[in-house]
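In: Need coordinates for the following:
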Amino acid sequence: MAVRPNVKVIDEEVTFEEEGLDARALITRTDKRGIITFASKAYRDMTKYSKEELIGKPHSIVRHPMMPEVAFKQMWDTILAGKHWEGMVRNLRKDGKYYWVIVQIDPLNEAGEIIYDKPEEIAGFVAVRREPSRKEIQEADAIYRELRKKELLEKENLKDWEREVLVWISEGKF
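Out: Okay, here's the model as predicted:
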């Protein structure tokens, strides 16, 4: 399901280097429903959200409207089955700027241990993010633009913000 951006989206990318986060991983933990239970300082620094603004909120708080819904469906199908997932994601910061990450997500049990192939024991997830290369970003961006455009064109009743995303795609923004 599409998530309406909770901030005004700005066509400006931010890199780890610009934020002083070279080689630092951005880490979060969530419960089984994707509600944030932990956000590392590096994650908070990059997203511009405070600890209080993140804890207890759905992880979709940082979802960029250009991200295709199918990417998140595939992610959820994988992690809820108790499998490791890795993929590229464009996230939206509180200030409206965006950043790219390669995220790895693993299922956790009640003790906070990583477990695989035991979906009945999943209590939450841990996600570790790193900065992708420019080549990885360019490749993912091209694929995601096409996927997102296709998703939106197939919808019967677009919301105003979804129409705006289609305009962004046609104008080559974001």
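
In: Run through the helices of the protein in chain order.
Out: All helices of the chain, identified by DSSP state H, fall at 41-47, 51-54, 69-80, 134-154, 160-171.

In: Tell me which of the ones you listed lies nearest to residue 109.
Out: helix 69-80 (13.3 Å; C-beta to C-beta). Backbone N, C-alpha and C define where each C-beta goes, glycine included.

In: Which elements pack onto that closest one?
Out: Other helices and strands packing on helix 69-80, by 3 or more C-beta pairs under 8 Å, 6 or more residues apart in numbering; DSSP states H and E, are strand 85-92, strand 98-108, helix 134-154.

In: can you redo those as JSON lines with mean neighbour count?
Out: JSON lines is the format used below for these (neighbours: other C-beta atoms under 10 Å):
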{"stretch": "strand 85-92", "mean neighbour count": "19"}
{"stretch": "strand 98-108", "mean neighbour count": "21"}
{"stretch": "helix 134-154", "mean neighbour count": "14"}
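
In: Out of the ones you listed, flag the one nearest residue 14.
Out: Across those, the minimum distance to residue 14, taken as C-beta to C-beta, is reached by strand 98-108, at 4.9 Å.

In: what angle sits between that closest one and helix 134-154?
Out: Angle of strand 98-108 versus helix 134-154, following axes from the mean of the first three to the mean of the last three C-alpha atoms, to 10 degrees, is 90 degrees.

In: how many neighbours does residue 126 have?
Out: The number of residues packed near residue 126 is 17, by other C-beta atoms under 10 Å.
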